[in-house]
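Chemist: when you get a sec, could you give me coordinates for this:
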Amino acid sequence: MDLEFIGIDPNTGGEGSPTAWVDRQSADLVIQGVKAEEVLETLISGTEWVEGHMVGIPEHETVIRIPARMVPILRKACDVAEERAELR
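Modeler: Model prediction:
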């Protein structure tokens with residue numbers, strides 16, 4: 001797997017921080033973020049967001065928070081991913 005680093009939370013304090021990469025082969029976005037708090041996970045996992053869709057968070061998925069200040073980084077990551085996908 002070959003990742004292209006896109007950006008890190010500009011307010012990082014040198015510890016684990018929300019970060020965005022693009023997988024150069026698949027063009028998938030790879031996001032590191034703060035694990036959502038329990039109350040948010042409960043809300044998300046207990047709500048039918050799309051009619052007829054499974055309720056809950058599958059074991060292989062998680063909910064993360066990305067700070068709004070990272071929107072420009074995520075936009076860039078989306079642009080890079082889209083360009084990579086078009087090249088495939």
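Chemist: nearest residue to the residue positioned nearest the centre of the chain in space, please, no chain neighbours.
Modeler: With distances taken as Cα atoms, centre = their mean, Ile31 lies nearest the centre of the chain, 3.8 Å away. Counting by Cβ to Cβ, 6 or more residues apart in numbering, Ile31 lies nearest to Ala20, which is 5.7 Å off, once chain neighbours are set aside. Where C-beta positions appear, they are placed from N, C-alpha and C, glycine not excepted.
Chemist: got a pLDDT number for that neighbour?
Modeler: pLDDT for Ala20: 96.
Chemist: looks to me like the residue nearest to the centre of the chain is in a helix.
Modeler: No. Applying DSSP: H, G, I helix; E, B strand; the rest coil, one finds Ile31 to be strand, outside a helix.
Chemist: Pro72: how many residues sit nearby?
Modeler: 10 (other Cβ atoms under 10 Å).
Chemist: let me know the secondary structure of it.
Modeler: Per three-state DSSP, Pro72 ends up helix.
Chemist: for the residue of the chain most remote from its centre, helix, strand, or coil?
Modeler: Each residue of the chain has a distance to the centre, and by Cα atoms, centre = their mean the biggest one is for Gly52: 24.4 Å. Of the three states, Gly52 takes coil under three-state DSSP.
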